[in-house]
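**Student:** When you get a sec, could you give me coordinates for this:
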Amino acid sequence: MLETKIDVKKTALLLVDMQNDLIKVDVKEMAEQKGVINNTAKVIATARKIGVPVIYANHVHRRDNADVVPTVTDWMLQGLMPPPREAYIEGTPGVEIVNELKPAPEDHVFSKRRSSAFYNSGNLNDDFCASQFNSAF
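**Tutor:** Below you'll find the predicted structure:
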């Protein structure tokens with residue numbers, strides 16, 4: 001079996017969308033069946049134990065959906081797609097990280113306005129990576 005060596009000085013654990021609106025609502029059944037929360041909690045604990053930074057990327061948007069990807073908004077305005085259910089609204093309990101995976105004080109948390117944690121995510125790319133790894137994505 002091949003062994004993967006991880007340099008903890010150049011590694012971070014990136015958790016994407018581990019939020020109530022997704023894990024406890026949208027994919028609740030699958031998350032429970034697959035043990036997503038318990039397995040993720042184990043990975044987080046191990047990362048913290050060996051000094052790997054933990055980063056949470058949370059999907060959020062405005063209540064009026066004005067910051068939703070334009071094509072989706074355009075489809076809704078044209079009646080080609082129903083409005084999304086009220087979820088991932090910044091400042092609501094739904095966008096909070098699930099209680100079982102709450103960030104520790106040393107963890108990093110940022111909000112993203114698109115499904116990607118990398119596209120147009122200045123907080124991740126510029127602030128964290130530049131300061132922690134002396135490079136950006």
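**Student:** Can you show me the strands along this protein?
**Tutor:** Per DSSP state E, the chain carries strands over the ranges 13-16, 54-59, 108-112.
**Student:** Put together a markdown table for those, with distance to Leu101 on each row.
**Tutor:** (Each C-beta comes from the backbone N, C-alpha and C, glycine too.) Written out in a markdown table, the entries for those read as follows (distance: least, Cβ to Cβ, whole Å):
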| stretch | distance to Leu101 |
| --- | --- |
| strand 13-16 | 7 |
| strand 54-59 | 8 |
| strand 108-112 | 11 |
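**Student:** Can you flag the weakest of those strands by average pLDDT?
**Tutor:** With a mean of 82, strand 108-112 has the lowest mean pLDDT of the strands of the chain.
**Student:** Could you check the angle that one makes with strand 54-59?
**Tutor:** 20 degrees (axes from the mean of the first three to the mean of the last three Cα atoms, to 10 degrees).
**Student:** Tell me the buried residues in strand 108-112?
**Tutor:** Using 16 or more other Cβ atoms under 10 Å as the test for burial, strand 108-112 gives 108, 110, 112.
**Student:** Relative to Lys24, which of the strands of the chain is closest?
**Tutor:** Ranking the strands of the chain by their distance to Lys24 (criterion: Cβ to Cβ) puts strand 54-59 first, at 13.7 Å.
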